[in-house]
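>>> Next come a sequence and a model predicted from it.
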Amino acid sequence: ALSTCSGWAIGIRSATTQSLLASLGFACGFAASFNAPLAGVLFTIEELQHVSPRLSRTMICVILVAALVSTAVLRLWQGNAQVFDLRLGSELERGLTGGSFDAVLGESMWMLVSVPIGILCALVNVATVPCIR
């Protein structure tokens, strides 16, 4: 929001440039929030696809530099520490260390439901993409 507002204040008012400035803010925020500049760049490039299907090398370099600078500022400010701490529950941890298939998945194996759902989603994707084009 800061990049968009500052661009508006100095007279940059075209929709394309405003989208680029907003995307720079996305890249910086995403990169700094997750301590992952490449993720910020990829997220921003995905979001910019509505502006132009082809992004110039200059735009990608500007986005990359912005994400790297925001991550560097975060690392200077807070250090290169893990941002999120993942702790497994003690029951799950015991099941994983035991190596038992039933201990990890449970008696009903509810996690295996995701396999047919994934296959179904892939088939729907294959069927709908030709309809869109």
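Great, that's in hand.

>>> count of residues packed around Ile34?
Not quite, residue 34 is Phe, not Ile. Neighbourhood size, Phe34 [other C-beta atoms under 10 Å]: 15. Heads up, the C-betas are built off the backbone N, CA and C, glycines and all.

>>> Ok, Cys121 next?
For Cys121, the neighbour count with other C-beta under 10 Å is 10.

>>> Quick check, pLDDT for it.
On the pLDDT scale, Cys121 is placed at 88.

>>> what's it sitting at in phi/psi?
Note on Cys121: its backbone torsions stand at phi -60, psi -40 [degrees, to the nearest 10].

>>> residues in contact with it?
By C-beta atoms under 8 Å, 6 or more residues apart in numbering, no residues touch Cys121.

>>> Any figure for the gap between it and Ala127?
To Ala127, Cys121 is 11 Å away according to C-beta to C-beta, to the nearest Å.

>>> And His50, by the same measure?
His50 sits at a distance of 24 Å from Ala127 (criterion: C-beta to C-beta).

>>> again with Ile63
34 Å.

>>> So for those two, which residue has more residues nearby?
Ile63 (26 against 9).

>>> Wait, the more buried one touches Phe43, no?
No - applying C-beta atoms under 8 Å as the test, Ile63 and Phe43 come out as separate, 9.8 Å apart.

>>> If anything else comes up later, I'll come back, but that's it for now.
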